[in-house]
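# build me a model from this:
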Amino acid sequence: MENSRSTTDAARGQGDACVRQAFTLVELLVVTAIVGSLVAIVMPAIQAAREAARRQLCGDHLRQLALATAQYEAQIRHFPAGRVGCDDTTGVSACPPGLPVARKTAASGFVTLLPYLEQEPLYAQLNVSQGGLWNRNIDDLGWFSSPEKAEGVMQRPPIFVCPSDDSAAVSEVYAPVLAATGSYCFVQGTKGPAAPRAVAKYENDGMFLYVIPRRASEVADGLSRTMLLGEVLMSDVWESSNTWTYARLNADCLRTTEYAINTPPGHGDSYERQNGAMGSYHPNGALFAFADGHVEFLEEQIAPELYRAMSTVASDE
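Numbers count the residues shown, from 1 in each chain. Here you go, the predicted model:
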């Protein structure tokens, strides 16, 4: 009898222990609140760390592109043109009237740089010298009917993409031609949508023009003070299209400092709703590569005069 009572008491004691080990509803709510508070505190720090890592990689890409540009200049003795060929603009000595369609090649300077970025197979595939690429009046030439070129313009080498950029990888802006987007552009100077088209294309005051290449001797400001490349927002929409193989005034791969960093696409006096502004998905500014190879983060609040001065090759400022 006593043994039975002892066994019962022991069992009851174990049951009480089990009950004591459980959390009450109040305790669970307190723990949940604490965990939620910790997550709210830690998550911004984690996100900031991730963005810092993305920005670092983005800067590394710009630095590599700047070094490739410098290698090109060292070998060819001039910088690449921002756009390989002409368009229908007349009255320009570099592009006189009556040019054949094959001369109106709108391939960007990034295509020219491919051999200096260990992208020789893609450079050969795009084969700009035979049949062109993104030619003006493309229906007359039909370069896009080439399966190799059509597939080539859809390639998106990682070097042309900032990890913070959430634009679609392939743009339908120029459908039926589908093409890969890019996060970076060449800096043409200060003459944007407000300038006459021919002036902005062929007589701008920055490093990259249509057809006409700059020489290092023209950079009177010094290479360390002259922008080469900047970042682009929303490269998959018409207002800010940025197809890395294509060069087009105030849009694809060619931008200016007429508007402030991170000016929204379509804002202000624009040409076909394209204002040529540069910007990024990094908070409060954007990254820029300079002609000596270094990369700087410029804040949105930078003085307009200083921002524009860094985009020119002249020394008067």
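
# now the strands for the stretch 151-300 of the chain?
Assigned by DSSP state E, counting those that start in this stretch, the strands in the stretch 151-300 of the chain fall at 170-171, 179-180, 184-189, 227-231, 254-256, 285-290, 295-299.

# ok, now which ones touch the residue nearest to Val92 when sequence neighbours are not counted?
Leaving aside its chain neighbours, Val92 sits nearest to Tyr202 (5.1 Å; criterion: C-beta to C-beta, 6 or more residues apart in numbering). (C-beta placed from N, C-alpha, C; glycine too.) Counting by C-beta atoms under 8 Å, 6 or more residues apart in numbering, Tyr202 makes contact with Thr89, Val92, Ala94, Cys95, Leu209, Tyr210, Val211, Ile212.

# check Ala81 too.
Gly109, Thr112, Phe208, Leu209, Tyr210, Val211, Ile212, Pro213.

# ranges for the helices of the stretch 51-200 of the chain?
109-113, 120-126, 138-141, 147-152, 197-202 (DSSP state H, counting those that start in this stretch).

# could the strands of the stretch 151-300 of the chain be laid out in CSV, adding distance to Leu122?
Shown next, in CSV, are the strands of the stretch 151-300 of the chain (distance: least, C-beta to C-beta, whole Å):
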stretch, distance to Leu122
strand 170-171, 16
strand 179-180, 11
strand 184-189, 16
strand 227-231, 19
strand 254-256, 21
strand 285-290, 21
strand 295-299, 24
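
# those strands: which one's closest to Met278?
Met278 lies closest, by C-beta to C-beta, to one member of those: strand 227-231, at 3.9 Å.

# I'd like to know which elements the closest one is packed against.
Secondary-structure packing of strand 227-231 (3 or more C-beta pairs under 8 Å, 6 or more residues apart in numbering; DSSP states H and E): helix 25-76, strand 184-189, strand 285-290.

# quick check, central residue of the chain?
The centroid of the chain falls nearest to Ser183 when counting by C-alpha atoms, centre = their mean (1.4 Å).

# in this structure it contacts Ile159, no?
No: when contacts are counted by C-beta atoms under 8 Å, Ser183 is not listed as touching Ile159 (9.9 Å).

# overlap of the contact sets of the two?
Contacts common to Ser183 and Ile159, judged by C-beta under 8 Å, 6+ apart, are His61.

# related to what we said a few turns ago, which of the helices and strands packed on strand 227-231 is buried the deepest?
strand 184-189 (a mean of 28; mean count of other C-beta atoms under 10 Å).

# now the angle between strand 227-231 and that strand, please.
Angle of strand 184-189 versus strand 227-231, following axes from the mean of the first three to the mean of the last three C-alpha atoms, to 10 degrees, is 130 degrees.

# so what strands line up beside strand 184-189?
strand 227-231 (antiparallel), strand 254-256 (parallel) (DSSP bridges).

# chain center to the shortest one, what's the gap?
Between the centre of strand 254-256 and the centre of its host chain there is 12 Å, according to C-alpha atoms, centre = their mean, to the nearest Å.

# what are the buried residues along stretch 171-185?
Ser171, Val173, Tyr174, Val177, Ala179, Ala180, Thr181, Gly182, Ser183, Tyr184, Cys185 (16 or more other C-beta atoms under 10 Å).

# poorly predicted segments of the chain, please.
By pLDDT under 70, the weakly predicted segments of the chain are 1-21, 42-48, 136-142, 316-317.

# so what's Glu151 up against?
Counted by C-beta under 8 Å, 6+ apart, Glu151 has contacts Gln125.

# Glu272 versus that one, what's the distance?
Noted for Glu151: a distance of 28 Å to Glu272, by C-beta to C-beta, to the nearest Å.

# can you check Gly266 too?
10 Å.

# for Pro283, same thing?
29 Å.
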